[in-house]
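Asks: Fold the following.
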Amino acid sequence: MADVVRFRTERMLDELDDFEKKGIFTPLEIKEIARKRTNFEYKLKRPSPLKEDFLAYIEYEMQLDSLRRLRKKSVSRQLQEIGKKRLKKTVYDEAIVRRIIKIYHLATTRFKGDINLWMKYIEFCKQHGHGRLKTVLAKVIRFHPKKPSLYMYAAQWEFDHNLNAAAARALMMEGLRQCPSSEDLWVEYLRMELTYLYKLKTRKVVLGEDTGSLTRDPEDNDEKQWKDDNKDLFMPLDEERANDGSDVQDEDSENQLDVFGEQASKTLQAVYSNAVEALPSSMNLRKRFLEILDGLNLAQSCNLREEIIDGMKKDFGKDPEYWNWLARCQTFDTRKTEKMTKEELRLQLDKAVEIYEEALKSLPCANMFCLYTKFWINVISPEEDSQMSECTHTFEHSSELIPHLVKVYETAESMGCMTEDLACQYISLYLRLGRLDEARTIAKKLCKGKVTGAVKLWELRISIEMKWVTSNSLSLSKDDLHSTFNLVRDILSQVSISEAGNLWHMAIKFFSNHGECFDKLVQVFMALLTRYTEGGFSISSAFVNFILQRDGIRRAREMYKRILTLPNASLALHQNCIELESNLAFVGDKDGLVNARKLYESALTTYSQDVGLWHDYFSLEKKVGTSETANGVYWRARKTVNKVSRVLAVSLFSSSSKVIKD
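Replies: Numbering: from 1, shown residues only. The predicted structure follows:
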């Protein structure tokens, strides 16, 4: 290893001597550079060098090269000031770049599977214009033939920088053979072919052999139309000769334009056919092809568009997303809606509705109704950057569109496709409109239908009932109060505590000031807590806190003691009750300290291995207890926790060693 390192360092002597003669680096700096490089070389010659070793060496050399460039400019400027010639460029000016490339070569040889390392290597070669870039690209593709991004990168370099369309096409074709399931590769290949045709067309235009473009230009079309309408303003002096020449030129230009347009259409159709054959189940690929087609001004664009859409309908006619895309994208073109009148937008909206109605006939499912209602919601109240925003702003009042949305909800209910989300949206619509009575009626009807077990729907219905009861009168009548409680009790008895957490908090808050109903709610909770232990902590804490605020600490203690007597009481519930009693103990309440100790002892019977619990118990005794009680807790913890946790317990209590005397 030492011989190899020595051989490599000796090969640096000419380079370092050149730097010293030019005055770029001082002798001390040259010595430091040699030392640094020697250390890096030894790291690379280890039996198992790390990737970080190569990257650190590369980073050092890049910084050194940057410093060398700055120093060389400074020396050249000084030489010019005294009337001497600037430093000439020698072979050693590129020595550091060659060394970095060699290090990258060694690193990629050892870590062939690291794509990021390869990309850094490629970017370095590209940045410094080194001739190895083509070789490096070929090598990384050979090691990673299933990475579509590598083929696109290499083809883009060949096409844009190397100006070699044939090599770029060969790379893309090889990529499509290796990765036929890559959507990006198919799309980029089509873009490259069309760009190549556009460059050929542009070359014809520049040479004066042709006019026009493959891309749409609305302003050019308008100008041409204006010139056609005002031919008299452009009459030439020699009308006869001009007519003869212009007709021939126009005919030739149209023929040449047709050649390029026809070739572009054939290219698009061929690539599209192969792409669909390779990815028959990808609807997104066909959408992207349509986007490219919409940006072209081709003679056969309408036929190609119809062919793609018909193929999508045949292959994805049972997919709700297809119908949703067709209704939105095919009827609401952002390039047209800005210039449309209200009547034209209404026609477009009717077309979208027809598509959705046709979809519901062939595909009556809940997902289709969800997409349909979402469409109407976006139309009625779109986001600022939404595609529908221009449409809605044209209508004076969005309220005229609301009946259409209501009709969709009613159809979903009649066809048995109502889901929990649709039901909540249906009710929330009336709530936003301020029609509380109608929302209450619909919620009552939906809770008895197909989604009767939906917890979110019941939460919405009960919140409406509570709002309706309180809005009718300032003081609640017993009948209204009991009917609301019975409704809440029925649903709470049917689902677990964890599923109805929000409903429990809502009920506790509503009935907290009504003693009889609140006591009954506590009984329901205690009965359910024996069956459902999961999720009971937060509800138990809410009960204790509300009772504490309403009736005081004595009733709160009675409540949490009843809960803690049940089996499987959680540690979190113990800690919440301990915090309550500890706060009282800190302000001098003796009962609080006694109850806090009882709670700690109760928790430790089940969770004796919890070091944090022992630490909190010790902290409490240290603050409000005595040194004897704190010492007792410490030694009990030492004896109780297992050997693994004992070390942790000692470290937790070591900060308080002054209080404890062995």
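
Asks: what comes up buried for stretch 151-167?
Replies: Under the neighbour-count criterion of 16 or more other C-beta atoms under 10 Å, stretch 151-167 has Y151, M152, Y153, A154, A155, Q156, W157, E158, F159, N164, A165, A167 buried. For every residue, glycine as well, the C-beta is placed using N, CA and C.

Asks: from the chain's centre, how far out does it sit?
Replies: The chain centroid and the centroid of stretch 151-167 are separated by 31 Å under C-alpha atoms, centre = their mean, to the nearest Å.

Asks: Over to stretch 48-68?
Replies: For stretch 48-68, the distance between its averaged C-alpha position and the chain's averaged C-alpha position is 35 Å (C-alpha atoms, centre = their mean).

Asks: what helix or strand is R8 on?
Replies: helix 2-10 (DSSP states H and E).

Asks: Give the burial count for V140, as a bare number.
Replies: V140 has 22 neighbouring residues, counting by other C-beta atoms under 10 Å.

Asks: excluding its backbone neighbours, what's nearest it?
Replies: Across the structure, with C-beta to C-beta, 6 or more residues apart in numbering as the measure, the residue nearest V140 apart from its sequence neighbours is W118 (4.6 Å).

Asks: Can you say which two of the buried residues of stretch 151-167 are spatially most distant?
Replies: When these are compared pair by pair using C-beta to C-beta, the farthest-apart members prove to be Y153 and A165, with a separation of 16.2 Å.

Asks: before we move on, back to that, and the helix holding R8, what does it pack against?
Replies: Packed against helix 2-10, as judged by 3 or more C-beta pairs under 8 Å, 6 or more residues apart in numbering; DSSP states H and E, are the following elements: helix 27-44.

Asks: Output the helix it packs on in CSV with nothing but the alpha carbons.
Replies: Presented in CSV, the C-alpha positions along helix 27-44 are these (Å, rounded to 0.1, in the frame of the first residue of the first chain):
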residue,chain,number,x,y,z
PRO,A,27,6.6,26.3,-0.6
LEU,A,28,4.8,25.9,2.7
GLU,A,29,1.5,25.6,0.9
ILE,A,30,3.0,23.1,-1.5
LYS,A,31,4.2,21.0,1.4
GLU,A,32,0.7,21.1,3.0
ILE,A,33,-0.9,20.1,-0.3
ALA,A,34,1.4,17.1,-0.6
ARG,A,35,0.7,16.1,3.0
LYS,A,36,-3.1,16.3,2.6
ARG,A,37,-3.0,14.3,-0.7
THR,A,38,-0.9,11.6,0.9
ASN,A,39,-3.4,11.3,3.8
PHE,A,40,-6.3,11.0,1.4
GLU,A,41,-4.4,8.4,-0.8
TYR,A,42,-3.7,6.3,2.3
LYS,A,43,-7.5,6.4,3.1
LEU,A,44,-8.4,5.3,-0.4
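
Asks: Endpoint to endpoint, stretch 493-503 covers what distance?
Replies: Across stretch 493-503, the straight-line distance between its terminal residues is 12 Å, by C-alpha to C-alpha, to the nearest Å.

Asks: whoops, stretch 487-500 was the one
Replies: Using C-alpha to C-alpha, the span of stretch 487-500 from its first residue to its last is 14 Å.

Asks: average pLDDT across that stretch?
Replies: In this model, stretch 487-500 has a mean pLDDT of 84.

Asks: Same check on stretch 575-589?
Replies: When the per-residue pLDDT values of stretch 575-589 are averaged, the result is 85.

Asks: Likewise for stretch 550-558?
Replies: The predicted model gives stretch 550-558 an average pLDDT of 84.

Asks: now swap in stretch 438-450 and tell me
Replies: Averaged across stretch 438-450, pLDDT comes to 86.

Asks: Enumerate residues external to it that contact any of its residues.
Replies: When contacts are defined by C-beta atoms under 8 Å, 6 or more residues apart in numbering, stretch 438-450 is touched by residues 413, 416, 418, 423, 426-427, 430-431, 457-458, 460-461, 464-465, 468.

Asks: that older thread, how about the buried residues of stretch 151-167 in a markdown table, adding secondary structure, pLDDT and distance to R489?
Replies: Putting the buried residues of stretch 151-167 into a markdown table (DSSP: H, G, I helix; E, B strand; the rest coil; pLDDT from 0 to 100; distance: C-beta to C-beta, whole Å) gives the following:
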| residue | secondary structure | pLDDT | distance to R489 |
| --- | --- | --- | --- |
| Y151 | helix | 95 | 65 |
| M152 | helix | 95 | 63 |
| Y153 | helix | 94 | 65 |
| A154 | helix | 94 | 70 |
| A155 | helix | 94 | 69 |
| Q156 | helix | 93 | 68 |
| W157 | helix | 93 | 72 |
| E158 | helix | 92 | 74 |
| F159 | helix | 93 | 72 |
| N164 | coil | 90 | 78 |
| A165 | helix | 92 | 76 |
| A167 | helix | 93 | 77 |
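
Asks: with those in mind, which one is nearest to A278?
Replies: Taking C-beta to C-beta as the measure, Y151 is the one of those closest to A278, at 14.6 Å.

Asks: list the contacts for the closest one?
Replies: I141, L171, M172, E174, G175, Q178, C179, L185.

Asks: Need the max-distance pair from those.
Replies: Taking every pair in the contacts of Y151 and measuring C-beta to C-beta, the maximum separation is 12.9 Å, between I141 and L185.

Asks: which one of the two has more residues nearby?
Replies: Under the criterion of other C-beta under 10 Å, the comparison of I141 against L185 puts L185 first, with 22 against 19.

Asks: Not counting sequence-adjacent ones, nearest residue to the more buried one?
Replies: Using C-beta to C-beta, 6+ apart and skipping the chain neighbours, the partner closest in space to L185 is P148 (4.4 Å).

Asks: got the angle for the strand or helix carrying K73 vs helix 27-44?
Replies: K73 belongs to helix 51-81 when elements are defined using DSSP H and E. Our comparison of helix 51-81 with helix 27-44, counting by axes from the mean of the first three to the mean of the last three C-alpha atoms, to 10 degrees, yields an angle of 160 degrees.

Asks: ok, and for whichever helix or strand comes after helix 51-81, which residues are buried?
Replies: The element immediately downstream of helix 51-81 (helix or strand, assigned by DSSP H and E) is helix 95-110. Buried positions in helix 95-110, judged by neighbour count with 16+ other C-beta under 10 Å: A95, I96, V97, R99, I100, I101, I103, Y104, A107, T108.

Asks: Also stretch 570-585?
Replies: Within stretch 570-585, the residues scored as buried using 16+ other C-beta under 10 Å are S570, L573, H574, Q575, N576, C577, I578, L580, E581, S582, L584, A585.
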